[in-house]
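> Quick one: sequence plus predicted model below, questions after.
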Amino acid sequence: MIPKKTAIITGAGQGIGLAIAEKLAAQSVNIIINDLEEGLITEACKKISIAHGVQAIAVSGDSSAEEVIEELIQTALTNFGTLDIVVANSGITLFGPFLEYSRADFMEVTKVNQLGTFFLAQAAANVMKDQVNGGALLFTSSVTAHQSHENLAAYAMSKAALEMLAKNLVLELAPFKIRVNTIAPGATVTNRTILDPEYENTWSKITPLGRPAAVKDIANAAAFLVSDEARHITGQTLVIDGGWTSVSPSPYA
């Protein structure tokens, strides 16, 4: 019997992160999911374990905190012995006009989106480098790393940085059979965006394929990139946006 793989997914209490966790669990991957809201991931772990027959462990806390990163890594090694997949999905969006954007908001976006991803990847790679089969890292970027979007300068900058990080790490991690890729979702219907009653209608009008993404659309792409089916893909960004970045009409127009 082939041993089950082990994955860490951050920002997985709901939305895209949870959908990725469910997709990987359906492929018999044991998972450790992280989110700030402990109740969300505790309930998610119960449902995933029952539905897919894998072990699902919740680790709550700020994914950019050193102690939380260490707990995630140690939880994987203690419970499963290996760490095969890490999806650094945690992120924060703080809108604001560039001319008035606060230092506090900038630092929070940078801390969660960049610092958290960088040091989780570092900690994971230090485990994966000693494994025969290496591992796969996946970062969650955004279409805003490719096209300008009003009031998202700091967020867009942080997401573009992740795509360059993935490219740069190819040089240092490929010798250890560690692959690093990025997904860049566009407009996606999630628990958060659905709170806007006009969201789906607005993005359906300006997306060439006629609708925003569902979370499973993003999860399907993520699961492919961390799978053995993508074993010769590294340093790449996959944009999942229904064609929006090809035309880029503003939702505010």
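The structure has been received and is ready for your questions.
> Skipping adjacent residues, who's closest to residue 53 in space?
Here the nearest residue to residue 53 in space, its sequence neighbours aside, is residue 28; by CB to CB, 6 or more residues apart in numbering that works out to 7.8 Å. Just so you know, the C-beta spots here come from the backbone N, C-alpha and C atoms, and that holds for glycine as well.
> what do you get for residue 129?
Nearest one to residue 129, counting by CB to CB, 6+ apart, is residue 176 at 4.0 Å.
> So the one you found sits against residue 124, correct?
No - taking contacts as CB atoms under 8 Å, residue 176 lies outside contact range of residue 124: 11.4 Å.
> With neighbour numbers in mind, choose between those two.
residue 124 (24 against 15; other CB atoms under 10 Å).
> Relative to residue 166, how far out is that one?
Residue 124 sits 13 Å away from residue 166, going by CB to CB, to the nearest Å.
> Need the overlap of contacts for these two.
Contact criterion CB atoms under 8 Å, 6 or more residues apart in numbering; residues shared by residue 124 and residue 166: residue 137.
> nearest residue to residue 246 other than its sequence neighbours?
Sequence neighbours aside, residue 208 is the residue nearest to residue 246 in space, at 6.8 Å (criterion: CB to CB, 6+ apart).
> Report the central residue of the chain.
residue 89 (2.3 Å; CA atoms, centre = their mean).
> for this protein, what's the longest strand?
When the chain is parsed with DSSP state E, its longest strand is strand 178-185.
> Pull out the buried positions in the host helix or strand of residue 224.
Per DSSP states H and E, residue 224 falls inside helix 215-225. Neighbour counts over helix 215-225 (16 or more other CB atoms under 10 Å) mark 215, 217, 218, 219, 221, 222, 223, 225 as buried.
> Thanks a lot, see you next time.
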